[in-house]
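K.L.:
Quick one, what's the 3D model for this:
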Amino acid sequence: MFPSLAADRRIRRIMASASLSALLAFSAAGAAQAQPAAPTLALPDFTSVVAKTEKSVVNIRTTEAVPVRPQGIGPDSNDPYDMFRWFFGPDFQMPGMPQQRRHKMPTPKEKERTVPRGVGSGFFISSDGYILTNNHVVADSNGIFVTLTNGKEYKAKVIGTDPRTDIALIKIDAKDMPPLTIGDSNQLKKGQWVLAIGSPFGLDSTVTAGIVSAINRDTGDYLPFIQTDVAVNPGNSGGPLINLAGQVVGINSQIISQSGGFMGISLAIPIDEVMRVVDQLKAHGKVTRGRIGVQIGQVSDDVAKAIGLSKAEGAMVSNVERGSPADQAGVQPGDVITRFGGKDIAHWTDLPRMVGSTQPGTRVAMEVWRKGKSVNLNVKVGEMPATPSKAKAVPEEAKPVPTDSLGLKVKPVPADIRSKDQLKGGVQVAEVEEPAVTAGLKTGDIILTVNNVDVTGTEQFSKLVSQLKNGHTAALLVLRGDQTQWVTIVPGK
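P.N.:
All right, here's what the predicted structure looks like:
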């Protein structure tokens with residue numbers, strides 16, 4: 001018998017469905033075969049790097065002297081007045097103290113004892129025993145002891161230290177030591193593997209690994225840092241950061257932590273910066289840096305737009321020290337230093353490093369942005385003094401003019417301030433309302449410039465403000481104390 005028409009149709013649908021399923025399965029299998037396998041990357045083998053470098057790293061322990069209370073003096077003494085002398089000093093006097101005790105009280109000779117101070121790390125940079133470490137590892141110590149990986153211990157002496165960069169150069173009396181090869185920290189890239197070798201918590205020759213997380217990390221210190229996720233803990237300070245070629249590219253110096261232990265962010269001093277310091281420490285035992293005598297700050301986007309800078313780059317001069325190299329070169333408060341020695345200043349913190357690395361007495365070309373245009377200057381770099389100058393307070397006077405669209409009442413600059421700061425113009429803020437309050441202006445501020453136009457007096461200032469357009473940002477150059485800064489403000493109605 002032949003199938004009915006309806007049965008025949010059912011058979012055809014079943015066969016078509018089966019054919020389609022087979023075709024899809026074949027296509028999927030073909031696609032799976034055609035798709036290339038994902039490449040697999042093996043983790044690097046650090047054993048050869050460790051074997052090459054480990055003997056160059058040393059453990060550093062330090063000691064310090066602490067005072068010892070002399071016998072018979074203090075709260076345990078049988079003399080009831082010794083307790084007061086213990087807390088308030090040997091010359092302490094009080095009502096009722098016998099007359100013979102008020103005078104000629106013998107000052108006990110203070111004794112000291114040596115106690116352990118801390119543990120750090122370091123590494124050889126030459127075969128004759130020169131070792132690099134952090135300044136904070138050896139600072140305030142009365143003894144420095146270096147232990148090699150073979151357990152042999154030496155007493156070290158300090159050749160020189162530089163607290164500003166936290167670098168110390170010490171030396172032991174030894175020969176044929178295995179120095180680390182100095183690498184090039186400028187060649188580091190994010191994601192690159194690096195190792196740390198040191199003595200965390202006193203556990204010497206500990207090796208940890210990670211990657212470079214960031215380059216030129218600015219933390220407000222004098223130098224930029226290499227940021228890594230290499231596990232670094234107390235005791236690693238002064239140890240080397242090593243690349244896979246076995247070269248030292250930095251000195252492990254800091255961790256960023258809320259607990260005091262490792263939390264994934266470690267900072268190392270770039271070895272290029274370190275070696276520049278080492279050269280001076282070897283030669284002179286100290287570091288001499290250049291200075292030009294300016295205080296600087298960041299250039300914000302609003303300020304850059306208001307004063308006509310194409311980018312928010314450079315260092316904004318907030319103060320020029322009188323008689324300094326910058327003052328003699330013609331630098332003015334409110335200038336934005338954009339180039340120094342032929343190099344662009346991408347970030348304001350670049351300038352101190354550029355100036356500091358310049359030999360005092362050197363003449364350097366400098367470019368500043370002033371009143372909408374670039375000005376070329378030539379500065380003779382001076383030598384950085386031991387102690388910075390202190391700021392002085394600014395007095396006030398009265399007689400303001402009516403409040404303007406900036407929310408300001410201003411008055412003439414008092415004669416004593418004008419003389420002290422050598423001001424040729426400007427007005428002093430007497431009262432502050434909105435929008436000046438939000439902009440950060442304060443009573444006593446001295447406004448020197450409005451949109452690159454120098455302020456000569458109260459009447460001229462009022463005219464400048466009246467010409468400002470509502471809703472358009474204006475830039476005021478403001479002197480507060482001895483600091484000058486640009487303040488942006490949007491005039492009200």
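K.L.:
quick one: secondary structure of the closest residue to I60 other than its chain neighbours?
P.N.:
Excluding the flanking residues, the one nearest I60 by Cβ to Cβ, 6 or more residues apart in numbering is G120, at 4.6 Å. Heads up, the C-betas are built off the backbone N, CA and C, glycines and all. Reduced to three states with DSSP: H, G, I helix; E, B strand; the rest coil, the structure at G120 is strand.
K.L.:
How many residues are close by G120?
P.N.:
Neighbourhood size, G120 [other Cβ atoms under 10 Å]: 27.
K.L.:
Please report the distance of it from S141.
P.N.:
Applying Cβ to Cβ, to the nearest Å, the value for G120 to S141 is 10 Å.
K.L.:
who touches both of these two?
P.N.:
T62 (Cβ atoms under 8 Å, 6 or more residues apart in numbering).
K.L.:
May I see the buried residues of stretch 116-128?
P.N.:
With burial defined by 16 or more other Cβ atoms under 10 Å, the residues of stretch 116-128 counted as buried are R117, G118, V119, G120, S121, G122, F123, F124, I125.
K.L.:
Over to stretch 338-346?
P.N.:
T338, R339, F340, I345.
K.L.:
So what's the gap between that stretch and the chain middle?
P.N.:
On the basis of Cα atoms, centre = their mean, to the nearest Å, stretch 338-346 is displaced by 19 Å from the centre of the chain it belongs to.
K.L.:
returning to what we had before: return the closest of the buried residues of stretch 116-128 with respect to V364.
P.N.:
I125 (30.1 Å; Cβ to Cβ).
K.L.:
Low-confidence bits of this protein, can you list those?
P.N.:
For the chain, applying pLDDT under 70 flags the ranges 1-41, 68-111, 220, 385-403, 493.
K.L.:
Could you chop it up by domain?
P.N.:
Following automatic domain parsing, the chain resolves into domains at 56-171, 181-271, 290-383, 408-489.
K.L.:
and the third one, how far apart are its ends?
P.N.:
Just to be clear, that refers to domain 290-383. With Cα to Cα, to the nearest Å applied, domain 290-383 spans 5 Å between its terminal residues.
K.L.:
picking that back up, any chance of CSV for the buried residues of stretch 338-346, columns distance to G191?
P.N.:
Shown next, in CSV, are the buried residues of stretch 338-346 (distance: Cβ to Cβ, whole Å):
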residue, distance to G191
T338, 32
R339, 32
F340, 31
I345, 28
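K.L.:
Now for those: which two are most distant?
P.N.:
The most widely separated members of the buried residues of stretch 338-346 are T338 and F340, with 8.5 Å between them, by Cβ to Cβ.
K.L.:
Which residues are in contact with each of these two?
P.N.:
With Cβ under 8 Å, 6+ apart, T338 and F340 have common neighbours E367.
K.L.:
what helix or strand does the spatially closest residue to T147 that is not a sequence neighbour sit in?
P.N.:
Closest residue in space to T147, ignoring its immediate chain neighbours: N59 at 4.3 Å, by Cβ to Cβ, 6+ apart. Per DSSP states H and E: N59 is located in strand 57-68.
K.L.:
Buried residues of that strand, list them for me.
P.N.:
Across strand 57-68, burial judged by 16+ other Cβ under 10 Å covers V57, V58, N59, I60, R61, T62.
K.L.:
was I right about the second one contacting F124?
P.N.:
Think V58. Yes: using Cβ atoms under 8 Å, V58 is in contact with F124, at 7.2 Å.
K.L.:
hey, what's in contact with both of these two?
P.N.:
I131.
K.L.:
returning to that earlier point: direction included, what does the strand holding N59 pair against?
P.N.:
Strand 57-68 has the following sheet partners, assigned by DSSP bridges: strand 111-124 (antiparallel), strand 143-147 (antiparallel).
K.L.:
Any idea how far that strand is from the middle of the chain?
P.N.:
Distance, stretch centre to chain centre, for strand 57-68: 27 Å (Cα atoms, centre = their mean).
K.L.:
residues touching the nearest residue to K155 once chain neighbours are set aside, list them.
P.N.:
Spatially, and ignoring its direct neighbours in sequence, K155 is nearest to F145 (5.8 Å; Cβ to Cβ, 6+ apart). For F145, the contact set (Cβ under 8 Å, 6+ apart) comprises I60, R61, T62, T63, E153, Y154, K155, A156.
K.L.:
what's the spacing between F145 and G183?
P.N.:
Here the criterion is Cβ to Cβ. By it, F145 lies 28 Å from G183.
K.L.:
can you tell which of the domains of the chain is closest to V277?
P.N.:
Nearest to V277, of all these, is domain 56-171, at 5.0 Å by Cβ to Cβ.
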